[in-house]
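J.: sequence below, structure please.
(one chain, ligands or ions: 2)
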Amino acid sequence: MLIDADAIRAAARLLEAGKLVAIPTETVYGLAADAGNPEAVAAIFAAKGRPSNHPVIVHVARDADLSRWAAAIPDEARRLIAAFWPGPLTLILPRAENVPAAVTGGQDSVGLRCPSHPVAQALLKEFRGGQGGLAAPSANRFGRVSPTTAQHVIDEFGASDDGPLAAVLDGGQSDVGIESTIIDLTRLATHGPVLLRPGRISAAQIEQVLGRALAAPDTAAPQVSGSLDAHYAPRTPVALVASVDLRDVIGRLQQQGRRVALMPYSDAATAPISTPMPADPEGYAHALYANLRALDSQGADLIVVEQLPQDGAWQGVNDRLRRAAFDSAGLLEKLLRGD
Ligand code: TXA
Ligand code: MG
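T.: Ligands and ions are numbered 1, 2, ... in the order given. Below is the predicted model of the structure:
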């Protein structure tokens with residue numbers, strides 16, 4: 001990928017001045033601000049319409065000194081960092097004292113991630129001489145589908161001259177396509193390592209490095225806005241339908257005069273509006289958000305998503321689809337009845 005050094009320098013200066021800049025990462029685009037500047041971080045929340053008690057991830061350069069952010073780096077963290085950074089893995093660690101409360105959502109922990117996207121790495125190296133941190137949630141309005149291209153960010157917030165963003169760095173389409181895997185290491189003694197959000201780096205890969213099983217989140221787990229049930233949702237309702245039922249369900253919806261948008265990964269059914277998906281988990285994740293956005297703009301009554309296999313490799317995309325479909329549980333039955 002071509003790196004525009006002038007654009008990176010300009011973006012670093014804007015961030016150092018407290019402005020917001022949208023940045024590409026290998027997972028999704030982020031809405032970045034200087035994590036050491038509480039007013040700049042507050043501007044992220046205002047732009048997203050996100051509740052201010054939700055913590056944001058701090059993105060750091062490859063060789064950054066983590067003690068600026070984390071009060072302790074347990075051995076488990078070191079092993080995961082050695083195995084997966086830079087890359088799509090966020091670690092929740094006990095926070096260092098001087099991390100702004102705006103970053104941690106007032107909690108005792110901080111989320112740290114070292115992204116592998118070359119533009120993000122170049123920017124982090126340039127920003128505050130490589131020793132700063134960029135607070136960056138996904139660059140979408142609260143509750144909406146995360147952006148995987150610069151154009152998606154502009155669709156959400158407007159171009160840099162007429163919206164809340166001072167600049168949008170274009171790094172092409174995000175490779176991974178779904179947000180980073182999040183592992184909580186703040187309660188190792190009592191709960192062990194906890195999987196807060198599944199992603200491209202699978203639970204099995206983490207467990208292999210740690211040599212122990214991951215726990216599932218409990219009610220005392222640190223708050224993760226991505227774990228709210230209604231999240232990652234397009235405006236058009238989404239229904240998950242098993243492959244064996246797909247043809248029948250589409251046919252009946254069409255008989256009822258419904259406009260259906262279909263997201264299949266097999267040839268179980270066809271529909272006039274359809275975005276065929278890759279049948280492997282990594283290809284599927286890469287295409288997921290762009291295709292949800294494309295289907296969402298079709299004015300359909302319903303987006304029908306072909307239900308995926310339920311095994312571990314598909315955990316990240318299944319998690320996002322389940323949340324996208326959360327509000328529509330009863331809707332499919334209603335539409336099939338013709339209500
Ligand atoms: O892949 C990603 O992680 C992307 C890119 C931009 O890096 N970022 C992202 O950020 O997905 P966001 O804010 O949309 O989701 C981050 C999640 C949130 O659910 C937040 O609650 C959680 O990480 N998080 C951040 N800091 C945390 C903390 N100290 N404790 C628990 N959860 C935390
Ligand atoms: Mg998000």
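
J.: need the residues of this structure near ligand 1, please.
T.: Proximity of the chain to ligand 1 (Cβ under 6 Å from any ligand atom) is limited to residues 25, 27-28, 30, 54-57, 88, 90, 92, 104, 107, 109-111, 113, 115, 136-138, 179-180, 182, 222-226. Heads up, the C-betas are built off the backbone N, CA and C, glycines and all.

J.: those in helices, which ones?
T.: Judged by DSSP state H, those include Thr104 as members of helices.

J.: ChimeraX command to pick out the buried ones of the residues of the chain next to ligand 1?
T.: Remark: buried members of the residues of the chain next to ligand 1, expressed as a ChimeraX selection using 16 or more other Cβ atoms under 10 Å:
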select :25,27,28,30,54,55,56,57,88,90,92,104,107,109,110,111,113,115,136,137,138,179,180,182,222,224,225,226
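
J.: from the residues of the chain next to ligand 1, which land in strands?
T.: Judged by DSSP state E, the subset of the residues of the chain next to ligand 1 located in strands is 30, 57, 90, 92, 109-111, 113, 182.

J.: which two among those are spaced furthest apart?
T.: Farthest-apart pair in these is Gly30 and Ser109; separation 19.2 Å (Cβ to Cβ).

J.: could you dump the ones in strands among the residues of the chain next to ligand 1 to a markdown table with pLDDT and distance to Gln254?
T.: Listed next are these as a markdown table, based on pLDDT from 0 to 100; distance: Cβ to Cβ, whole Å:
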| residue | pLDDT | distance to Gln254 |
| --- | --- | --- |
| Gly30 | 98 | 40 |
| Ile57 | 98 | 43 |
| Thr90 | 98 | 42 |
| Ile92 | 98 | 46 |
| Ser109 | 97 | 49 |
| Val110 | 98 | 50 |
| Gly111 | 98 | 45 |
| Arg113 | 98 | 44 |
| Ile182 | 97 | 40 |
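
J.: would JSON lines of those residues with distance to Ala189 be doable?
T.: Below are these laid out as JSON lines (distance: Cβ to Cβ, whole Å):
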{"residue": "Gly30", "distance to Ala189": "32"}
{"residue": "Ile57", "distance to Ala189": "24"}
{"residue": "Thr90", "distance to Ala189": "21"}
{"residue": "Ile92", "distance to Ala189": "15"}
{"residue": "Ser109", "distance to Ala189": "14"}
{"residue": "Val110", "distance to Ala189": "19"}
{"residue": "Gly111", "distance to Ala189": "20"}
{"residue": "Arg113", "distance to Ala189": "24"}
{"residue": "Ile182", "distance to Ala189": "19"}
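
J.: spatially central residue for the chain, please.
T.: For the chain, the residue nearest the mean C-alpha position is Glu179 (2.8 Å; Cα atoms, centre = their mean).

J.: isn't that residue up against Pro147?
T.: No: using Cβ atoms under 8 Å, Glu179 is not in contact with Pro147, being 11.1 Å away.

J.: identify the contacts common to these two.
T.: Listed as contacting both Glu179 and Pro147 by Cβ atoms under 8 Å, 6 or more residues apart in numbering are 28, 138.

J.: gap between the residue of the chain positioned farthest from its centre and Arg337?
T.: Here the chain reaches farthest from its C-alpha mean at Gln255, the gap being 36.6 Å by Cα atoms, centre = their mean. Gln255 sits 12 Å away from Arg337 when distances are taken as Cβ to Cβ, to the nearest Å.
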